[in-house]
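Participant: Predicted structure and sequence below. I'll ask about it afterward.
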Amino acid sequence: MKLTRAENGLRGTIRVPGDKSISHRAVMFGAIAEGTTTISGFLPGEDCLSTISCFRKLGVEIRQEGDYVEVQGTGLHGLQEPDEVLDVGNSGTTIRLMLGVLANTPFHSCLIGDKSIAKRPMKRVTVPLKQMGAQIDGREGGQYTPISIRGGNVKGMHYVSPVASAQVKSAVLLAGLQGDGVTAVTEPEKSRDHTERMLRAFGCEVQVDGMTVSVQGGQQLHATHIEVPGDISSAAFFLVAGAVVPNSRIKLQKVGLNPTRTGILEVLQQMGASITIENVQNEDFEPYGDVTVEYSSLRGVEIGGDVIPRLIDEIPILALAAAQAEGTTVIKDAAELKVKETNRIDTVVDELKKLGAHIEATPDGMIIHGRTPLRGASVSSHGDHRIGMMLGIAACLADGEMLIENSEAAAVSYPTFFAELQRLQQ
Ligand SMILES: O=C(O)C1=C[C@@H](OP(=O)(O)O)[C@@H](O)[C@H](O)C1
Ligand SMILES: C=C(OP(=O)(O)O)C(=O)O
């Protein structure tokens, strides 16, 4: 895709698509609940469509029309042995959470994904799930796909996770929910809590004590209606665009504001961005509100510690904001970036360097010296949706034409991203 600078800024109102984490969970929990779950505001992006396709192969009837979905739940014990492999495509959330769901199903399933999934570590879930009783095998001892699982006889346990990961926490809790006894997960920092909130919406009891979350096994989930708010991780591209492209003002409607996800807002405000939040609603389940951003001059900051899990997917676009901020930005404690769709430390640094940014990789993050004028260049998403979209926003600032190879990757989480970007250009 070829893009040119947004000479007159980006202005207008956007409704970003549904939250990816919440959309996945609504389908999965609906599938194992009793009764019919309805979902509005669902994200019809490739990752969430992979989740639907896998659950259909497990015998679940699912109707999806755009952002509306109906799931005919089978109950905890109603899933059927699939006669095909379960292909998760590019989605880490699908494979890791599904392994948790399958940990106590008394049948065999085989899971695969794309080239990126084949490089992502799975022992972080296969190790605890095996300890709970599931039989799992995979390349390099259960580290990489293809992975096969035969579930059954899951026993609750207290798992102390070495990483703050909502995928690990959710996989272990989903397994524990179907097993005997209590299952608890303790993490080093708090990761996104959509699983905890949604299990409660499905009628389950979930205990939260500091960094530990626990559930009693054998609880039945009851179908419900899930309203999915806009994805703050998708909104992040336009939040940064509005803040760094001169003459911009963008209003983002119904953006999810779950406090375990709002690190991006806090950091942009610390950097000096002009952001206002209005009409906050739905605080009992997943809060959302309208967020307006205006062009302002930014300054460099230090980003690390417990905010990292609350903005992990926003680091590629934050790196671009930092390249446009006065002074130095240090991003640390973010080694998890290396095991995302790409090694996001390397892909961000390599692609932003091509545009003239002063950025260097560190073992757990990056250091960015601003403010640098950017130039158009030939760049690539490397098949990573968040890298492709970050480069799309960089194009709005760059002098000269930008050619983004494999920009279609955006469809994983935001199929209409480039159309919206064009619409906002004056
Ligand atoms: O649970 C989830 O929905 C997600 C958790 C995060 O991954 P980790 O659990 O690996 O931190 C995040 O990066 C991913 O985009 C979605
Ligand atoms: C890391 C991401 O997703 P997943 O782990 O589900 O592939 C992401 O969307 O940035």
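Facilitator: Perfect, thanks for sending it. Ligands and ions are numbered 1, 2, ... in the order given.

Participant: from here on, contacts and neighbour counts on C-alpha atoms
Facilitator: Will do.

Participant: so what's the residue nearest to residue 294 when sequence neighbours are not counted up against?
Facilitator: With C-alpha to C-alpha, 6 or more residues apart in numbering as the criterion, residue 294 has its nearest non-adjacent residue at 4.4 Å, and that residue is residue 249. Residues near residue 249 by C-alpha atoms under 8 Å, 6 or more residues apart in numbering: 9, 10, 11, 12, 242, 292, 293, 294, 295.

Participant: Can you tell me which residues in this structure are near ligand 1?
Facilitator: For the chain, the contact set with ligand 1 under C-alpha under 6 Å from any ligand atom comprises 21, 93, 165, 166, 167, 168, 312, 313.

Participant: following the helix or strand containing the first one, which helix or strand shows up next?
Facilitator: Right, residue 21. Counting by DSSP states H and E, the element that carries residue 21 is helix 20-32. Toward the C-terminal end, the helix or strand that comes next after helix 20-32 (DSSP H and E) is strand 34-40.

Participant: Show me what that next one is packed up against.
Facilitator: Contacts defined by 3 or more C-alpha pairs under 8 Å, 6 or more residues apart in numbering; DSSP states H and E place strand 34-40 against helix 20-32, strand 68-74, strand 225-227.

Participant: who touches it?
Facilitator: With C-alpha under 8 Å, 6+ apart, strand 34-40 has contacts from 26, 30, 67-76, 220-228.

Participant: Mind giving me the ChimeraX command for buried ones among these?
Facilitator: What follows is the ChimeraX syntax for the buried subset of the contacts of strand 34-40, where burial is set by 16 or more other C-alpha atoms under 10 Å:
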select :26,30,67,69,70,71,72,73,74,75,76,220,221,222,223,224,226,227,228
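
Participant: Centre of the chain to the helix or strand hosting residue 53, how far?
Facilitator: Using DSSP H and E, residue 53 sits within helix 46-57. Relative to its parent chain, helix 46-57 has a centroid offset of 16 Å by C-alpha atoms, centre = their mean, to the nearest Å.

Participant: Parallel or antiparallel, which strands does whichever helix or strand comes after that helix pair with?
Facilitator: Next along the chain after helix 46-57, taking DSSP H and E as the criterion, comes strand 61-65. Paired neighbours of strand 61-65 in the sheet (DSSP bridges): strand 68-74 (antiparallel).

Participant: what comes into contact with the partner strand?
Facilitator: 27, 30-42, 60-64, 223.

Participant: can you do 10 Å?
Facilitator: With contact meaning C-alpha atoms under 10 Å, 6 or more residues apart in numbering, strand 68-74 is reached by 23, 26-44, 52, 55-56, 58-64, 79-80, 221-223, 225-227.

Participant: what residues go with each domain of the protein?
Facilitator: For the chain, automatic domain parsing gives the domain ranges 2-17+230-424, 20-227.

Participant: can I get these in CSV with mean pLDDT?
Facilitator: What follows is the domains of the chain, written out as CSV (pLDDT from 0 to 100):
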stretch, mean pLDDT
domain 2-17+230-424, 98
domain 20-227, 98
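
Participant: quick one: which of those domains is nearest ligand 2?
Facilitator: Ranking the domains of the chain by proximity to ligand 2 (C-alpha to the nearest ligand atom) places domain 20-227 first, at 3.6 Å.

Participant: tally of neighbours for residue 363?
Facilitator: 11 (other C-alpha atoms under 10 Å).

Participant: same deal with residue 278?
Facilitator: The tally of other residues near residue 278 (other C-alpha under 10 Å) stands at 12.

Participant: out of the residues of the chain next to ligand 1, who has the most neighbours?
Facilitator: Most surrounded of the residues of the chain next to ligand 1: other C-alpha under 10 Å gives residue 168, at 28 neighbours.

Participant: how about it, what does it touch?
Facilitator: Each residue near residue 168 by C-alpha under 10 Å, 6+ apart is listed here: 93, 96-97, 100, 122-126, 128-129, 159, 161-162, 174, 185, 187, 191.

Participant: Mind checking which of those are in strands?
Facilitator: Mapping the contacts of residue 168 onto strands (DSSP state E) picks out 159, 185.

Participant: near ligand 2 too, which of the contacts of residue 168?
Facilitator: Restricting those to contacts with ligand 2 (C-alpha under 6 Å from any ligand atom) yields residue 93.

Participant: can you pull out the helices in the stretch 251-400 of the chain?
Facilitator: In the stretch 251-400 of the chain, helices defined by DSSP state H, counting those that start in this stretch lie at 263-270, 315-323, 344-354, 385-397, listed in chain order.
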